[in-house]
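Novice: just coords:
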C-alpha cells in the first residue's frame, strides 16, 4: 500500500453469504445442492473454517467442485493442515494452501511460474500457456490423448480459474481477456516458488538473482550495468520476460542473455503490455548472437520496432512460438524460416510483411499462422496445403499474386474459425475478373468456418460456395471493396449468419430475391450493414425475423421505403437522400436512431418510436420539426442535434422525457428556444450542451433541471449576453462542470457574477470575454480544473485566491496571462508552479 493512503479494514463476510458463495462454487444449481443434503452439513463446517474470507470460500470450494463423495469432503474438513498451516505460515490463508496442495501435480509448476508477474499485473491465457509449453510444463504426451499441448495448457488454466487462483481482470486490454492473481494468491505463489522465480522491480531485489533463478521478469528501467551484472549470476535462467515498466537499453540485455543465458527457453521483449500506451522501448537492431540461444522455444518481439530478423533466427531449431505482432517496420521474415520445423505459433498481426519466405510448407506443426502474404518470389499459396493443423484465424493477403491456387487445401483445415481473404486494392481496369473468381472459388474453406472476410475482390460475381447452406456454422461475414461485383451470392441460405456487412460495391444496382435464396432467409441474422454503394437503386426486402441492427450509408440512388421490421433496435441512415423514412411505419422496438445527411427528411413523429432511447440527428439541411402527441412520456436517454438550419422550435408544451440524461444542440442557427418546461419534464438531465445557436436568448420558463451536472454554452451570443441573470447557484445546485463562451462581447469586467455558480463546481472553462479583467474563484474550494481562453485584458488569476484543490490549469490565447505565468521566467510562475498540470500557450 502506498504511504499516507487511506485504508479500510474489511469486515468478515456474514456466514449466510459465505454459504451461498460456497454453494455457487461447488454445486451446478439449486437442484444439485438439494440432491446432496449430506454434503451441505459438511460444507457448513468447512465454510466456518474460512472465517468469513470470500477468497478462502471460493478456493476451497474449487477443490470440491464436482466432487460428490462425502469422504473427500470429510478429508478436507478434518485435515490437520488447517491448524498446522495457520501456525507455520500466518501470512498465507490456510484454505489457499489447501487449494494449492490439492492441485494435480502437473498443474503446480504452472501456478508457481506465474509468480514472475507483479501483483495486479494482467496476463493473458494464450501467452501464459505458450510460456508453460516452452519451459516444459506441458508434456508432449498430449498427442496420445488426441489433443494438443496448447489445449492441455488451457485445461490447466481453467482449473486454476475454477479454484480461484486466477481471476478475470477488470482491466480493458486490446488483445483479449486478461487475468490476475489476488494479492494473497500471489503471496502463496511467491512462497512456493522460492528462489526459482523472481520479478525485478527495483535495485533492492537485484541481489536476489542467483544461480538458482530459473524464471525471471523485469519490471524496472534498465539504466545502468547493475542488471547486467545480476544476469551474470543467473547462468541457468530458463525465462526472461520484460514487462510494462521495462525500458532503457534492452539491446544490451539481449546481448547479455545471448552470452550467459545458454539455457534460456523463454525470451519476451514485447512492448505490448496493458494498457498498450506508447512503447517503453523501441529496439530496431537485433544481434546475431540470438543464434546462440539453441534451447529457445518462445520469442516475443511484438511492438518493439524491429526492422529485420537475422537469418540466424532460422537456426533456433527448438523454437515453438514466434510473436511479431505490431512490428510496423518489419517487412520480411528470415529467409531460412523453413528450417524451424518445431514452430507451432507465428503471429505477425499488424506487421507489414511483403511476402512469406520459401519452404513454409516444412512447418507442419504450425497451429497458429496469423498472416500468409503471397508475394512474387516467396512461398506460394501451395505451401499452405501442407499446414494441416492450422486453427483460429488465418489472413491470406496479396491474392493478386496467386498463380496456382489449386493446392491450398483450405477445405482440409477443419480447425480454422476465421478466414480473411484480401487482394490489393486496385482501381484500374487491368484486373482479370475471371482469374480472381477462379482464385476465390479454389479457396473454399472447411464447413466449420465461423467468420469470413473478403476484401478488394475484383470478380463480377461470387462463387456458389459463399451462399451454400453447407456452411451452417458461419456467424459473421464481411464483404468489402468488391467494386466490380454485379451480383450477390445467396447469403440468406446461411442458417447461422448473425452479422453481415457489405461495403464498397460500386457497380451493384439491385438486391433481389437471389440474395435471399429461399422463402425464409437469414434465420439468425441480427446485424446488417450496407455502405458506400453509389449505384444501388432497388432493394427487394424480405422479412428478416431477428434483425436488430440496420445501417444504410452512402447509398445516394437507393429509392425505397425502410422495411417494417418489428425486431429492429438500432437504425443508422447516412447520406441516403432518396430513402423514404419514416413513412407510416411505427418502429415499436427501435432504441437507437442515427440519421445524418438525409436531405429528404423534414419531420420526425416521435410517437412512432415508443422505445427510442438514443436519437442522433446531424446535417439534415431540410429538417424542420419534431411532432409529439404528449403521451405516453418519451423514454429518451440521449438526444443529439447538429447542423439543422431549418429547425426552429421544439413541440409546443415541451418534451416529456423523464429519463433523458444527455442533451446536445449544435449549429441550429435558427432555433429560437429550448424545449419548454425543461425543469419539470427533464428531471434526470445531467448534461446540456448548446453550441452555435445564435437565436436562443434565454432559458425556458422555470429554469434548467435541478440535477444538471455539466453545462456547456458555446458561441451563443444572445444567450451569453444574459449570463449575469442565470442564477445557476440556486437553480442547478448539483452543477460540477461549467463552460461559457462570451463570443467576444464586452459583457463582464469580473467573472463569475455573484451567485451565478454553485460553490461545488469542479471544472470551469471561460473563453472569449473581451473586457474581462478579474476572476473571483476563491469560493470554489472544490475546483480541480480551470481553463481560460482568449481573454485579452485579463492580467492575472488572483493567485492568492486560487483554491488548493486545483489540479489542472489551461491558459491559451491570453497574452497578458501567458507572459505572467511563463514557466520559470514569468513573474507569477512561482505562484502557480505547485499546480500539478499547467499548460500555457498555443492557439485556440
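Specialist: Nice, thanks for sending it over. Please read these numbers as outputs of a predicted model, since none were measured by experiment.

Novice: dump the residue contacts of the residue lying farthest from the centre of the chain.
Specialist: Most distant from the centre of the chain: residue 749, at 47.1 Å, with distances by C-alpha atoms, centre = their mean. Residue 749 makes contact with 771, 772, 773, 774 under the criterion C-beta atoms under 8 Å, 6 or more residues apart in numbering. Any C-beta I mention is one placed from the backbone N, CA and C, and that applies to glycine too.

Novice: TSV please, covering those and showing distance to residue 826.
Specialist: Written out in TSV, the entries for the contacts of residue 749 read as follows (distance: C-beta to C-beta, whole Å):
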residue	distance to residue 826
771	23
772	20
773	19
774	18
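
Novice: buried subset of these?
Specialist: Of all the contacts of residue 749 considered here, the ones buried according to neighbour count by 16 or more other C-beta atoms under 10 Å are 771, 772.

Novice: which one of the contacts of residue 749 is nearest residue 531?
Specialist: Distance from residue 531 was checked for each of these by C-beta to C-beta. The minimum falls on residue 772, at 47.2 Å.

Novice: that closest one against residue 753, yeah?
Specialist: No: here residue 772 does not reach residue 753: they are 11.6 Å apart, not a contact under C-beta atoms under 8 Å.

Novice: what segments of the stretch 501-650 of the chain are strands?
Specialist: Assigned by DSSP state E, counting those that start in this stretch, the strands in the stretch 501-650 of the chain fall at 510-511, 527-531, 538-539, 549-553, 570-574, 592-596, 603-605, 614-618, 625-627, 638-642.

Novice: dump the ones you listed into JSON lines; add mean pLDDT and distance to residue 819 as well.
Specialist: Rendered in JSON lines, the data for the strands of the stretch 501-650 of the chain read as follows (pLDDT from 0 to 100; distance: least, C-beta to C-beta, whole Å):
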{"stretch": "strand 510-511", "mean pLDDT": "94", "distance to residue 819": "64"}
{"stretch": "strand 527-531", "mean pLDDT": "97", "distance to residue 819": "51"}
{"stretch": "strand 538-539", "mean pLDDT": "93", "distance to residue 819": "63"}
{"stretch": "strand 549-553", "mean pLDDT": "96", "distance to residue 819": "49"}
{"stretch": "strand 570-574", "mean pLDDT": "96", "distance to residue 819": "47"}
{"stretch": "strand 592-596", "mean pLDDT": "96", "distance to residue 819": "44"}
{"stretch": "strand 603-605", "mean pLDDT": "93", "distance to residue 819": "52"}
{"stretch": "strand 614-618", "mean pLDDT": "97", "distance to residue 819": "41"}
{"stretch": "strand 625-627", "mean pLDDT": "92", "distance to residue 819": "50"}
{"stretch": "strand 638-642", "mean pLDDT": "97", "distance to residue 819": "38"}
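
Novice: so which of those strands is nearest residue 424?
Specialist: The minimum distance between residue 424 and these falls on strand 527-531, with 21.1 Å, by C-beta to C-beta.

Novice: can you tell me what sits against that closest one?
Specialist: Everything outside strand 527-531 that qualifies as a contact, by C-beta under 8 Å, 6+ apart, is 498-504, 536, 544, 547-555, 574.

Novice: near residue 840, how many other residues are there?
Specialist: For residue 840, the count of nearby residues is 19 (other C-beta atoms under 10 Å).

Novice: kindly apply the preceding question to residue 765 instead.
Specialist: Number of residues near residue 765 (other C-beta under 10 Å) recorded here: 17.

Novice: okay, and it sits in which element?
Specialist: Using DSSP states H and E, residue 765 sits in strand 763-767.

Novice: repeat for residue 131
Specialist: Counting by DSSP H and E, the secondary-structure element that holds residue 131 is helix 125-134.

Novice: tell me the buried residues in the helix or strand following that helix?
Specialist: Following the chain from helix 125-134 toward its C-terminal end, the next helix or strand by DSSP H and E is helix 149-162. For helix 149-162, a neighbour-count test (16+ other C-beta under 10 Å) marks 149, 150, 151, 152, 153, 154, 156, 157, 159, 160, 162 as buried.

Novice: distance check, residue 769 against residue 504.
Specialist: As judged by C-beta to C-beta, to the nearest Å, residue 769 and residue 504 stand 49 Å apart.

Novice: the two - which one has more neighbours?
Specialist: Set side by side, residue 769 and residue 504 give different neighbour counts by other C-beta under 10 Å, the larger being at residue 769 (28 against 19).

Novice: so who does the residue nearest to the more buried one when sequence neighbours are not counted touch?
Specialist: Counting by C-beta to C-beta, 6 or more residues apart in numbering, residue 769 lies nearest to residue 742, which is 3.7 Å off, once chain neighbours are set aside. When contacts are counted by C-beta under 8 Å, 6+ apart, residue 742 touches 720, 723, 748, 766, 767, 768, 769, 770, 772.

Novice: is it correct that the fifth one is in contact with residue 790?
Specialist: If I follow you right, that is residue 767. Yes: with contact defined as C-beta under 8 Å, residue 767 and residue 790 form a contacting pair (5.5 Å).

Novice: gap between residue 117 and residue 193?
Specialist: For residue 117, the distance to residue 193 equals 12 Å [C-beta to C-beta].

Novice: which of these two has more neighbours?
Specialist: Shown here are residue 117 and residue 193; by other C-beta under 10 Å, residue 117 has more neighbours (22 against 19).

Novice: dump the strands of the stretch 501-650 of the chain into a markdown table; add distance to residue 691 and mean neighbour count as well.
Specialist: What follows is the strands of the stretch 501-650 of the chain, written out as a markdown table (distance: least, C-beta to C-beta, whole Å; neighbours: other C-beta atoms under 10 Å):
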| stretch | distance to residue 691 | mean neighbour count |
| --- | --- | --- |
| strand 510-511 | 39 | 18 |
| strand 527-531 | 28 | 19 |
| strand 538-539 | 37 | 16 |
| strand 549-553 | 25 | 19 |
| strand 570-574 | 21 | 19 |
| strand 592-596 | 17 | 19 |
| strand 603-605 | 21 | 16 |
| strand 614-618 | 13 | 19 |
| strand 625-627 | 19 | 15 |
| strand 638-642 | 9 | 19 |
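
Novice: which of these sits closest to residue 357?
Specialist: Between residue 357 and these, the shortest gap by C-beta to C-beta is with strand 527-531, which sits at 37.2 Å.

Novice: what pairs with that closest one, parallel or antiparallel?
Specialist: Pairing partners of strand 527-531, with direction, according to DSSP bridges: strand 499-503 (parallel), strand 549-553 (parallel).

Novice: want to try TSV for the ones you listed, with distance to residue 258 as columns?
Specialist: TSV is the format used below for the strands paired with strand 527-531 (distance: least, C-beta to C-beta, whole Å):
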stretch	distance to residue 258
strand 499-503	47
strand 549-553	52
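
Novice: returning to that earlier point: so which pair among the contacts of residue 742 is furthest apart in space?
Specialist: Of all pairs drawn from these, the greatest distance, 13.8 Å, lies between 723 and 770 (C-beta to C-beta).

Novice: these two: which has the busier surroundings?
Specialist: residue 723 (18 against 15).

Novice: pretty sure that one is touching residue 743, no?
Specialist: No: with contact defined as C-beta under 8 Å, residue 723 and residue 743 do not form a contacting pair (10.6 Å).

Novice: contacting residues for residue 111?
Specialist: When contacts are counted by C-beta under 8 Å, 6+ apart, residue 111 touches 100, 103, 160, 165, 189, 192.

Novice: out of the residues you listed, who's the most crowded?
Specialist: Using other C-beta under 10 Å as the neighbour definition, the contacts of residue 111 reach their maximum at residue 165, which records 26 neighbours.

Novice: model confidence for that residue, exactly?
Specialist: Looking at residue 165, its pLDDT stands at 87.

Novice: next one: the residue lying closest to it once chain neighbours are set aside from residue 112, what distance?
Specialist: Nearest residue to residue 165, sequence neighbours excluded (C-beta to C-beta, 6+ apart): residue 185, at 5.4 Å. The span separating residue 185 from residue 112 equals 11 Å under the rule C-beta to C-beta.

Novice: so between those two, which is more surrounded?
Specialist: A count of neighbours by other C-beta under 10 Å puts residue 185 above the other of residue 185 and residue 112, at 27 against 21.

Novice: lovely, talk soon.
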